[in-house]
Structure formats: structure tokens, C-alpha cells
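S.K.: based on what follows, work out the 3D shape:
(2 chains)
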Amino acid sequence: MIIATNVTKKFGKLTALNNVSVTCNRGQSISLIGPNGSGKTTFIKCLLGMVVPDSGFITFNQQNISHDWQYRQHIGYMPQTGRYPENMTIAQIFDMMKDIRKKTNPVLDEELVKLFELENISSKRMRTLSGGTRQKVSAALAFLFSPDVLILDEPTAGLDPVATEILKDKIRKEKAKGKLLFITSHILSDLEDIITEVIYMQDGDLRFHKSLAQLQEDTGEMRLSRAIAQVMQKRPS
Amino acid sequence: MKKIIKYVLLDLLRNKIVLAYTVLLLVISFSVFNLEDNPSKGVLSLLNIILIIVPLVSIVFSTIYVYNATEFIELLVAQPLKRVSLWLSIFAGLSLALCFAFLLVLLYPFFYMPLLNQEE
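M.R.: Residues are numbered from 1 along each chain as shown, chains lettered A, B, ... in the order given. Predicted coordinates:
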């Protein structure tokens, strides 16, 4: 579904992505794991067309995504830090998004809006919201149009335990529907029962792309956090 | 594209600087015509203001606005929208709001001067 071929991106001297090639198919849920600054977010931004790769290309459903914009109707993106116009209320943000996307995505999935009880605070302005509530808004927006591909950048950062569980349940449901999921997180225990594949990145290089079962077999550890810790220790940076 | 213009305008109409700018221009044009007996002198003063204040405020305010709208733009680039239409709508929204303020000032003498001529 998404194929990245030899994607390279440099920011000045820093190589954020170095010849990254990935193939992702429907029904997989892929976790991007790696130390801070290893290029996870840059890779996600390349997928969304927010960063243009220096070389290499990415195809979405066999179509090159450079200079294309329509493919983004299939993507729901939850950013790492949700930044929204300060003056708008929650209700206005949702109305605006529905306005923009209702032609391409007529089916709305408002389950998360209900579960997070965003309707009760819908008249609050975005600048008055706490970090966790912003995350809830971002999550609800990502799932709102029931897209085929969900890209979640640190979804559980800043969420309280109840909201984290709600979000994880929702992710599991979407996974069961056969959608492609990208999740980055540093809280590996959150990922454990959601993901099927692991992409490990370090210093802009793609170190490996394995299924979870394969990784468990290779490292001899059943728990993801231990398995990843073992991988990280093997290659001291 | 129309939708984005709508939301940019909604945001701008709540912006205090745009409101203050409109009020300032109105006050200037009102005082220019009321303090002078001669309306042609008033028109001349208004011309100076149009030549200096309007371009200055338009450039400075638009720059600051676009800079501060980073998060709005960030939100929209992840959506299925053309970059061109996104930037054009922001441009259109900004120009509409600033033109509205400017037109208010221009229209005021137009309504005011016929009245003045009748009195003479």
C-alpha cells in the first residue's frame, strides 16, 4: 500500500533519513521505534508530504505522492504535539475539518469524540486547553473520517490512564478492520499488544523491519521492551 | 478553497489588531474631514495616509499573521488540500479583511461630501 524507496533527507549536515526503504501493506500495524532524533517523525512527515525527500520516492497505492495531495484523504494523522489556532473553539475546529473533508470522506466516526466527552467542552477555546485535552482533540480528529491509514505520532504522550485505555481500544478496533497503522511511541508496553511489525531506526538508518514474532525469536525475549533494549545495547551509539 | 477563506476571515474578524486598524482609519478619515473646512485639503491628507499607513500596516500585519498562523497551516497541510489553494485562500482572506477596513475609510468621504456640497 505504501512503498518508500531509498528515501534520503538531509537537514544541512544532519542526515535525518538515510536510504530508507519500507514496504507496508494493509492490515499491518507497524511501530516505529528508535532513540530520540533517529528520524521517525521525519519519516512520517515524508509520508504526509510535509517534508520533501532529497532523493528517493514514496508511492501510495502505486501512485507517487510528490506533488500529489488527493492521497491524503486516506490518511488520518495525529501529530506529536497538537498545535491549533488559539482563537478557535473545539467545535469550530471539528466543523472546519468536516467542511474540508466531507466531500472525500462522507462517513464520520465520532466514537472517540463521545468517549473523550469532548462535546461537553466544545465551546472552549484551544488556547485554554491542557496538553492532554489537546491530545484528545488530535486523536479524535485523526479517527474522525475513518481513513484507511492511521499515522499516530506518540499517541499516548500526555494522556491520562483512562484516556490511554480508550485510545488503545480504539486502535485495536481499527486494526481489526484491516487498516494500516503507523505508531511511534517510547512507551513500549503500550505498543506490545497492538503492533504486528517493528521498524527500528537509528541515526536516520533503518536498522531492521521485522514482524514482532520474528523479533521475539531473534532476541529470545518475549516482551517487546526487553527485546528492544537488547537490540539497543548490542549497538552502543 | 472557499471554506478556508471563510475560516481565515472568521479568525481575522476576531483579531484585535484588524479591529483597531479599522477604527484608527475611520477616526483619521473622520477627523481629516471635520477639522478642515476645505474638503480638498481633507482629500489630500487622506491621500498621504493611504500612501503611507495602508501599505505599511498591510505588509507588517500580514507578515506577523502568517508567522503566527504556523499551527493553522500545519494543521491543514496534513489534510487533503492543494498547497496552492491553501496559500491562495490565506492570501485572499487577509486581503479581504484589510480591504474591508480600507473600503470603510474610502466610502466615508463619498457619503460625506455630497452632504457638504448641499449645505453650501
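S.K.: next one, pLDDT for B:Ile53 please.
M.R.: Note for B:Ile53: predicted pLDDT of 87.
S.K.: report the buried residues of whichever strand or helix holds it.
M.R.: Per DSSP states H and E, B:Ile53 falls inside helix B:39-68. By neighbour count with 16 or more other C-beta atoms under 10 Å in any protein chain shown, helix B:39-68 contains the buried residues B:Pro39, B:Gly42, B:Ser45, B:Leu46, B:Ile53, B:Val54, B:Val57, B:Ser58, B:Phe61, B:Ser62, B:Tyr65. C-beta coordinates here come from the backbone N, C-alpha and C atoms, glycine included.
S.K.: same deal with stretch A:15-26?
M.R.: Buried, per 16+ other C-beta under 10 Å, within stretch A:15-26: A:Thr15, A:Ala16, A:Leu17, A:Asn18, A:Val20, A:Val22, A:Cys24.
S.K.: assign the nearest residue to A:Phe60 once chain neighbours are set aside to helix, strand or coil.
M.R.: Nearest non-adjacent residue to A:Phe60, counting by C-beta to C-beta, 6 or more residues apart in numbering or on different chains: A:Tyr71, 4.4 Å away. Under DSSP: H, G, I helix; E, B strand; the rest coil, the three-state class of A:Tyr71 is helix.
S.K.: okay, now A:Tyr71: neighbour count?
M.R.: Residues within reach of A:Tyr71, counting by other C-beta atoms under 10 Å in any protein chain shown, total 20.
S.K.: repeat that for A:Glu221.
M.R.: Using other C-beta under 10 Å: A:Glu221 sits among 16 other residues.
S.K.: hang on, it packs against A:Gln230?
M.R.: Yes. Using C-beta atoms under 8 Å, A:Glu221 makes contact with A:Gln230 at a distance of 6.1 Å.
S.K.: okay, which residue is most central for chain B?
M.R.: The residue lying closest to the centre of chain B (C-alpha atoms, centre = their mean) is B:Leu98, at 2.0 Å.
S.K.: and the helices in chain A, which stretches?
M.R.: Along chain A, counting by DSSP state H, helices occupy A:40-48, A:90-101, A:111-115, A:131-144, A:161-176, A:188-191, A:212-219, A:224-234.
S.K.: how close does the residue lying closest to the residue nearest to the centre of chain B once chain neighbours are set aside sit to B:Tyr21?
M.R.: In this structure, B:Leu98 finds its nearest non-sequential neighbour in B:Ser58, 5.3 Å apart by C-beta to C-beta, 6+ apart. B:Ser58 sits at a distance of 9 Å from B:Tyr21 (criterion: C-beta to C-beta, to the nearest Å).
S.K.: any chance of the helices of chain A in JSON lines, with mean neighbour count, mean pLDDT and distance to A:Phe60 too?
M.R.: Listed next are the helices of chain A as JSON lines, based on neighbours: other C-beta atoms under 10 Å in any protein chain shown; pLDDT from 0 to 100; distance: least, C-beta to C-beta, whole Å:
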{"stretch": "helix A:40-48", "mean neighbour count": "22", "mean pLDDT": "90", "distance to A:Phe60": "8"}
{"stretch": "helix A:90-101", "mean neighbour count": "19", "mean pLDDT": "89", "distance to A:Phe60": "17"}
{"stretch": "helix A:111-115", "mean neighbour count": "17", "mean pLDDT": "90", "distance to A:Phe60": "24"}
{"stretch": "helix A:131-144", "mean neighbour count": "22", "mean pLDDT": "91", "distance to A:Phe60": "17"}
{"stretch": "helix A:161-176", "mean neighbour count": "16", "mean pLDDT": "90", "distance to A:Phe60": "18"}
{"stretch": "helix A:188-191", "mean neighbour count": "19", "mean pLDDT": "83", "distance to A:Phe60": "24"}
{"stretch": "helix A:212-219", "mean neighbour count": "15", "mean pLDDT": "87", "distance to A:Phe60": "24"}
{"stretch": "helix A:224-234", "mean neighbour count": "15", "mean pLDDT": "82", "distance to A:Phe60": "28"}
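S.K.: for B:Lys16, find the nearest of the ones you listed.
M.R.: Taking C-beta to C-beta, helix A:90-101 is the member of those nearest to B:Lys16, at 18.2 Å.
S.K.: what are the contacting residues of that closest one?
M.R.: With contact meaning C-beta atoms under 8 Å, 6 or more residues apart in numbering or on different chains, helix A:90-101 is reached by A:73, A:84-85, A:88, A:108, A:113, A:118, A:121-124, A:126, A:129, A:137, A:140-141, A:144-145, B:3-4, B:7, B:10, B:76, B:79-81.
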